[in-house]
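Asker: This is the structure alone, sequence omitted:
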């Protein structure tokens, strides 16, 4: 149970850091406002979290 709480806490921290980067750092970056760039920025946190969860699931499944 403790390992799950630590993992969830890590996911929350990573998500918060990504959100803060998107809110405060990326507006000052010279990235053109295109649909593709908007989709990448909006969907990247979800994709990263999905990859992390799938990786975690695979490692738990093997043990």
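Answerer: Received it, and whenever you're ready, just let me know what you need. Please read these numbers as outputs of a predicted model, since none were measured by experiment.
Asker: Could you grab the helix/strand/coil label for residue 31?
Answerer: coil (DSSP: H, G, I helix; E, B strand; the rest coil).
Asker: Report the contact partners of it.
Answerer: By C-beta atoms under 8 Å, 6 or more residues apart in numbering, the contact list for residue 31 reads residue 37. No exception for glycine: its C-beta is placed from N, CA and C like everyone else's.
Asker: For the strand or helix carrying residue 57, name the packing helices and strands.
Answerer: Element membership for residue 57 (DSSP states H and E) is helix 35-62. In terms of contacts (3 or more C-beta pairs under 8 Å, 6 or more residues apart in numbering; DSSP states H and E), helix 35-62 is packed against helix 2-20.
Asker: can you give me the offset of the helix it packs on from its chain's centre?
Answerer: Chain-centre distance of helix 2-20: 9 Å, with C-alpha atoms, centre = their mean, to the nearest Å.
Asker: Give me the packing partners of it, helices and strands only.
Answerer: helix 35-62.
Asker: Can you list the buried residues in the helix it packs on?
Answerer: residue 45 (16 or more other C-beta atoms under 10 Å).
Asker: dump the residue contacts of the most centrally placed residue in the chain.
Answerer: Nearest residue to the geometric centre of the chain (C-alpha atoms, centre = their mean): residue 45, 3.3 Å. Residues in contact with residue 45 (C-beta under 8 Å, 6+ apart) are 15, 18, 19, 22.
Asker: And residue 16, what's its pLDDT?
Answerer: In this model, residue 16 is scored at 96, pLDDT.
Asker: for residue 63, same thing?
Answerer: pLDDT at residue 63 comes out at 69.
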